[in-house]
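Trainee: just a sequence and a predicted model for now, questions to come.
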Amino acid sequence: MIYTVTFNPSLDYIVKVDDLALGAVNRVSSEVIMAGGKGINVSIVLKNLGHESRALGFLAGFTGDEIARQLEERGVACDFIRVKEGMSRINVKIASQQETEVNGMGPDIESSDVEALFDRLDALAAGDILIISGSVPAALPQDIYERILARLEGRGVDIVVDATRDLLHNVLAYRPFLIKPNNHELGDIFGVELSRREEVVPYAKMLQERGARNVLVSMAGEGAVLVGEDGSVIMSESPRGQVVNSVGAGDSMVAGFVAGYLEGDGSFERAFRMGLCTGSASAFSLELATRDDVEALLAASA
């Protein structure tokens, strides 16, 4: 079974404004309200690709009710902890000349809520996949990533981590199955600027030396690079298309990689191609990638 964890889910209000003007009334040309948060995005895309997952995390208030409703409507299994105080956040994403985001705060999470999450994670067993992604809200212990990986160590659970800076670096000792920094996040770890695919490889290998089994580096229009635990290095430019909304593209790449890995019986080549095309399919649409979108890009890039 695949599980995702979203520490700070949201309702994402995604709008397109043809020419955003600050300090003025702006009219949207398109809009969509959808359940968001990195792990939730992964679960939605996995379902779109035909793979079941169980979404874990914290929900609160009327916004939490709507998040759960949307996920259940999409057929995503939910097992969230209901938090008593506050409400799940609302994030506004504006697509215009540049992409602009205004993100909400989220609810107050108590230690008993964290223990309830740990109880759910204790049910995971060998062969399960756990995907943990996104920032940690101030209401949570900042070492929660490490605590989760330590708790599951030696259980045969393949753990995917999509996080930045210390959140990512501090879990490497637990040998996560996959990590997915982008090129900027990877460069931040080592204090360098990485803009070309070939430049990424030695630094991805350094993260392997520190514990990561597989390192997938997303690079927006430049494509992506995978350094696999079997010694393989796979890289490619992105499929061609018009970027409409990049929100969720990285999460979609994670979902596509996991789906491709499972469908290809552990083939890193299949996982990489599927991940790259799934991330691109989401970027080329206001909503998250569908199976048809991904298959079309796979066929075009074959």
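Mentor: Structure's in. What do you need?
Trainee: pull the contacting residues for residue 2.
Mentor: 46, 51, 52, 53, 54, 128, 129, 130, 131, 258 (C-beta atoms under 8 Å, 6 or more residues apart in numbering). C-beta coordinates here come from the backbone N, C-alpha and C atoms, glycine included.
Trainee: look up how far residue 202 lies from it.
Mentor: 31 Å (C-beta to C-beta, to the nearest Å).
Trainee: so where do the strands sit in the stretch 151-300 of the chain?
Mentor: For the stretch 151-300 of the chain, the strands defined by DSSP state E, counting those that start in this stretch occupy 158-162, 178-179, 214-218, 224-227, 233-236.
Trainee: in strands, which of the contacts of residue 2 appear?
Mentor: Taking DSSP state E, the ones among those that sit in strands are 53, 54, 129, 130, 131.
Trainee: so what pLDDT did the residue nearest to the spatial centre of the chain get?
Mentor: The centre of the chain sits closest to residue 251, judged by C-alpha atoms, centre = their mean, with a distance of 2.9 Å. Per-residue pLDDT puts residue 251 at 95.
Trainee: distance check, it against residue 63.
Mentor: Residue 251 is 19 Å from residue 63, by C-beta to C-beta.
Trainee: quick one on the thing from earlier: which one among the contacts of residue 2 gets closest to residue 39?
Mentor: In terms of C-beta to C-beta, no member of the contacts of residue 2 lies closer to residue 39 than residue 131, at 6.2 Å.
Trainee: residue contacts, the closest one?
Mentor: Taking C-beta under 8 Å, 6+ apart, one finds 2, 3, 4, 5, 39, 42, 53, 159, 160, 162, 254, 258 in contact with residue 131.
Trainee: got the contact list for the closest residue to the third one other than its chain neighbours?
Mentor: Same thing as residue 4. Distances taken as C-beta to C-beta, 6 or more residues apart in numbering put residue 39 closest to residue 4, at 3.7 Å, once the chain neighbours are dropped. Contact partners of residue 39, counting by C-beta under 8 Å, 6+ apart, are 4-7, 9, 55-57, 131-134, 251.
Trainee: rerun that using 6 Å as the cut-off
Mentor: Contacts for residue 39 (C-beta atoms under 6 Å, 6 or more residues apart in numbering) come out as 4, 5, 6, 133.
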